[in-house]
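>>> model the structure of this input:
(2 chains)
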Amino acid sequence: MTALGIPAVPPRGSGNLRGVKAFPDAAHHELANPQLRRNIGKATHTIRRKRLNVTGELPDWEHLREAGAAIKTDVLNRLPELLVQLEEAVTARGGIVHWATDATEANAIVTDLIRKTGSDEVIKVKSMATQEIGLNEHLEAQGIAAYETDLAELIVQLGHDKPSHILVPAIHRNRAEIREIFLREMPDVDPDLDDNPRHLAAAARKFLRHKFMTVPVAVSGANFGIAETGTLAVVESEGNGRMCLTLPHTLITVMGIEKLLPTFRDLEVFLQLLPRSSTGERMNPYTSMWTGVTPGDGPQEFHLVLLDNGRTAALADEMGREALHCIRCSACLNVCPVYERTGGHAYGSTYPGPIGAVLSPQLAGMDDPDDPNASLPFASSLCGACYDACPVKIDIPSLLVELRHQKVEHAKFGLEAAAMKAASLAMSSSTRWTAAQKAAGLGRVLAGRKGTITSLPGPLGGWTDARDMPAPPKQTFRQWWNSDEGRTALARAREEGQNR
Amino acid sequence: MNSRDVVLGRIRSALTLAPPTEVDLPRDYRLGRTLPDTERRELLVDRLVDYKAHVHECTPAQLPTVLAEVLAERGARRIGIPAGLELSWLAEFDGEVVVDSADIPAPELGDLDGVVTASAVTCAETGTIFLDGSPDQGRRALTLVPDLHVCVVGLDDVEVGVPEALARLVPDRPITMISGPSATSDIELERVEGVHGPRTLDVVIVS
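Next up, the predicted model:
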């Protein structure tokens, strides 16, 4: 609230939520990589098929989706009281709760907590929240080595690369590339390592085993935080999560404030929705749940960092807040015809695909028409496949349209607005419209003899970057109608009609 | 103002600017399902095999024999058990049994050939075994660090679906849900079993 008691719109978030290029430019680069397109295509189609198999086998799948959506709406409605309830429950069980307004503050809190343990190393469980705040980069600058322990995240980290998919972040790399990365970057790796995925996974196991056993502090995210009991949950496949959540003395968990569920019972919905939507399995291999500190079992010091970073800004938008229902399953990526071709890098943000196209502008804003995030709502054909696939029924196409509307509203003085204004002026008077059409005929000069325009001048060039434009016709229909040729043709047609 | 007050203040502002949407919570999905013993067991076996777990079935009287056979088959000579495990289960095992305690450092658990534990509850539909840190299941490190986990599941503790299984848990215990051995599909989406957790999971269903 402001001093006058009028509620202020909460500030947007910071961190890895914005690319450097607009989506079409970034996509142009990615589309030129055939290896990436093959890998992404194979991955999305495989997971898509598996998802349909396991969701189809549950006769109450639609009821589960409805319950999931309703629970998430309820969470946002009651967010302040539920967060306080979570804080009380975690504290009562020996955990310590911290609050971070943005990425910078969250990074500072985590760094400080690691420093206090005396360690200059930390092991990490795959987490979207810590990627969003750029924790690894921050820790590196502070002289703390962060080891990603999920195999794909390790490949991305060792390759000095960026994740391209929420679930399988290294899917843009093939086995030969991964072998090269391991040989180049992994300490003490066997120089005879081949590119068999089994052997590559074994190399990672050996490298990380030592870290699991010796590094005294771990950082994780959370899939769910239960307000009623203070229980946190991490779902995973490899066992690296269990290692990080069990063996170190200190555990630091960074959780977005929207990841709450009101009651333990609500897991009965989400533990059915998430694995089936995400990996297409009936259940993921491992799920860990912990409540504060358990004497003699697991970390004896537990910190929970609750992260805002633009989530409250999204919450202040009646439509946009629906994006906060997201449980990061990545089903929308796998069914998206745009994502399937461009991959995740083109979106620039930690969150790619359809949900990223709504979440990134919601969390980090669209500051001006040239903001790369302002291009994301247009990175969609609005086919609606993402809405059908979403386990919590986020109406992504409607959110995209709403964001397009907001972008145009914000860009009142931009080129697009000027063009629309000019069109409206021309179309509202028949004299002006005729004049405008005559002027368009001049476009034939650009086309030359071949009859197509391959490069439009100035800002219109974007249209012809990826396609040719037919030359405008010699005359418009209205010009033809009023010509001698038109009149003769009409008279003939009339005669034919009468003689029939 | 501290960050806690700032964040809570922002949430209240947001909910004033865009008021909450009324919502009913429909729980129309399947709840309280039951199935006869045979069907529950068949469903569970089907799901466990699908996840590449090794499945064995026996009566309570046969359990010591079956456990000894499974451990012999895996070449396990030195195994760990949680302090509260029924010792008679290992009556026919002729190797070394190490009873776990909190003062054994976790890396030393890696020297064990395997571990034998009981389980809290199991969900047949997903093939998921729940461990909750009870005395017959032990601390989490015990079932994580060794490369072989032999887990005993009583058919009475097998529920049909996820809601039925979760309802039997005590939330504030450390809970581990296990559906097959650890696995990754991170390289070209090719499934590789056994990354960081136990690479072999043997499940003995007792009924």
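
>>> quick one: contacts for the residue of the stretch 401-500 of chain A found nearest chain B?
Closest contact between the stretch 401-500 of chain A and chain B, by C-beta to the nearest C-beta, is at A:E402 (12.7 Å). The way it works is simple: take the backbone N, C-alpha and C, and place the C-beta from them, glycine included. When contacts are counted by C-beta atoms under 8 Å, 6 or more residues apart in numbering or on different chains, A:E402 touches A:319-320.

>>> how about it, secondary structure?
helix (DSSP: H, G, I helix; E, B strand; the rest coil).

>>> any idea how far it is from B:E39?
48 Å (C-beta to C-beta, to the nearest Å).

>>> over to A:P372?
Separation of A:P372 from B:E39 (C-beta to C-beta): 55 Å.

>>> more neighbours, the two?
Under the criterion of other C-beta atoms under 10 Å in any protein chain shown, the comparison of A:P372 against B:E39 puts A:P372 first, with 21 against 12.

>>> show the contacting residues for that one.
Residues in contact with A:P372 (C-beta under 8 Å, 6+ apart) are A:18-23, A:26, A:348.

>>> what is the neighbour count of A:D370?
11.

>>> for it, give me its contacts.
A:A22.

>>> what's the answer for the one 5 residues further on, then?
Under the criterion of C-beta under 8 Å, 6+ apart, the contact partners of A:S375 comprise A:22-24.

>>> buried among these? Need that as a selection in PyMOL.
In PyMOL syntax, the buried subset of these is picked out as below (16 or more other C-beta atoms under 10 Å in any protein chain shown):
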select buried, chain A and resi 22+23
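
>>> residue contacts, the residue in chain A that chain B sits nearest to?
Proximity of chain A to chain B (C-beta to the nearest C-beta) peaks at A:G239, 2.9 Å away. Shown in contact with A:G239 (C-beta under 8 Å, 6+ apart): A:285-286, B:144, B:182, B:195-198.

>>> looking at those, spot the one nearest A:A204.
For the contacts of A:G239, the residue nearest A:A204 by C-beta to C-beta is B:V195; the value is 7.3 Å.

>>> the residue nearest to that closest one when sequence neighbours are not counted sits in which helix or strand?
Computed as C-beta to C-beta, 6 or more residues apart in numbering or on different chains, the closest residue to B:V195 that is not its neighbour in sequence is A:E238, at 4.0 Å. Take DSSP states H and E as the rule and A:E238 turns out to sit in neither a helix nor a strand.

>>> spell out which parts of the stretch 301-450 of chain A neighbour chain B.
A:306, A:308, A:312-313, A:315-318, A:321 (C-beta under 8 Å from any C-beta of the partner chain).

>>> ranges for the strands of chain A?
A:96-100, A:121-124, A:145-148, A:217-220, A:224-226, A:231-236, A:250-256, A:260-261, A:286-291, A:301-307, A:452-453, A:469-470 (DSSP state E).

>>> my guess is A:T454 contacts A:P470, does it?
No: counting by C-beta atoms under 8 Å, A:T454 does not reach A:P470; the two are 11.0 Å apart.

>>> quick one: buried residues of stretch A:403-410?
Neighbour-count burial for stretch A:403-410, with 16+ other C-beta under 10 Å as criterion, is recorded at A:403-404, A:406-407, A:410.

>>> tell me the SS of B:L31?
Relying on three-state DSSP, one would call B:L31 coil.

>>> is it true that it touches B:P163?
Yes: the criterion here is C-beta under 8 Å, and B:L31 meets it with B:P163 at 5.3 Å.

>>> so for the two, which residue has more residues nearby?
B:P163 (21 against 12).

>>> pLDDT value on the more buried one, please?
On pLDDT, B:P163 comes in at 98.

>>> grab the nearest non-local neighbour of it.
Take B:P163 and drop its neighbours on the chain: the residue closest to it by C-beta to C-beta, 6+ apart is A:E268, 3.9 Å away.

>>> with B:E159 instead?
Counting by C-beta to C-beta, 6+ apart, the residue nearest B:E159 is B:A165, at 4.3 Å.

>>> ok, that neighbour touching B:F130?
Yes: contact criterion C-beta under 8 Å: B:A165 and B:F130 qualify, at 6.4 Å.

>>> what residues do those two have in common as contacts?
Going by C-beta under 8 Å, 6+ apart, residues that sit against B:A165 and also against B:F130 are B:121-123.

>>> among those, which lie within helices?
Residues from the shared contacts of B:A165 and B:F130 lying in helices, with DSSP state H as the criterion: none.

>>> of these, closest to chain A?
B:C123 (7.6 Å).

>>> residues contacting the closest one?
A:283, B:130, B:158-162, B:164-165.
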